[in-house]
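J.: Quick one: sequence plus predicted model below, questions after.
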Amino acid sequence: MARRLAVVVPVLLLAPGCHRSPPVVKGPPVETLVMHALSDDPATRRAATAMLMARHDPKATALLSKHLTDDDPHHIIRAMNALVSIGDPRAVPGLIKLSRLTDPSFTPKVIQAIGLVGGHEAEAYLFTVETGSRNPAVRAAAKAARSDLVARRAARAGAQASSADRGG
């Protein structure tokens, strides 16, 4: 599995779903959407991922995380991208496991995904990798991902403070 990941075209990660709206329950079951999120067809993947993002269903994170250990490297990448899009911090443990199992040339992409998903566990892991990895590319990826994560958190805090000051 790890060797096959190294030859797959680099991942184009999507920005994590930062908005949180009430769950939408219309449409196909989560299991069906997860299978569509892993589809070979890009339009099908985008549509399914958008629906999963709108639902905020923890079941989607659990189902997609199972595909991080799939034998098909394309499914691994698609699952990782969908998890980043959903932005659920419950995906971080599976992504951390993937970062340890994967080919070192692919690990920086997984590290980037962990940073985009975010959360306290992601930040702690990124710090650990940034300060302890033997691989300079992985250390650099962890440093960049953690820096971006901290900047996004500060921007959100600033926006919330600004909104509170306006009475919103």
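T.: Everything's here; your move.

J.: all contacts plus neighbour counts: C-alpha atoms, from now on.
T.: Fine.

J.: Output the below-cut-off pLDDT ranges for the chain.
T.: By pLDDT under 70, the low-scoring segments of the chain are 1-25, 167-168.

J.: For it, which segments count as helices?
T.: 2-7, 30-37, 42-55, 58-66, 73-86, 92-101, 107-117, 120-132, 136-165 (DSSP state H).

J.: I'd like those as a markdown table, with mean neighbour count appended.
T.: Formatted as a markdown table, these follow (neighbours: other CA atoms under 10 Å):
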| stretch | mean neighbour count |
| --- | --- |
| helix 2-7 | 15 |
| helix 30-37 | 19 |
| helix 42-55 | 19 |
| helix 58-66 | 19 |
| helix 73-86 | 25 |
| helix 92-101 | 18 |
| helix 107-117 | 26 |
| helix 120-132 | 18 |
| helix 136-165 | 16 |
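
J.: and Ala48, what does it touch?
T.: 33-34, 36-37 (CA atoms under 8 Å, 6 or more residues apart in numbering).

J.: Looking at the residues you listed, spot the one nearest Val110.
T.: Ala37 (18.1 Å; CA to CA).

J.: Could you check how far that closest one is from Ala155?
T.: Using CA to CA, to the nearest Å, Ala37 is found at 30 Å from Ala155.

J.: likewise Pro73?
T.: With CA to CA as the criterion, Pro73 and Ala155 are 34 Å apart.

J.: now do Ala164
T.: From Ala164 to Ala155 the distance is 14 Å (CA to CA).

J.: cool, and Ser163?
T.: 12 Å.

J.: Lys109 too?
T.: When CA to CA is the yardstick, Lys109 and Ala155 sit 24 Å from each other.

J.: With Ser105 instead?
T.: 31 Å.

J.: For Thr107, see how far away the nearest residue to Glu130 once chain neighbours are set aside is.
T.: Counting by CA to CA, 6 or more residues apart in numbering, Glu130 lies nearest to Arg139, which is 4.4 Å off, once chain neighbours are set aside. Using CA to CA, Arg139 is found at 10 Å from Thr107.

J.: where's the residue nearest to Ile96 when sequence neighbours are not counted relative to Arg146, distance?
T.: Leaving aside its chain neighbours, Ile96 sits nearest to Ile114 (7.3 Å; criterion: CA to CA, 6+ apart). Distance, Ile114 to Arg146, by CA to CA: 9 Å.
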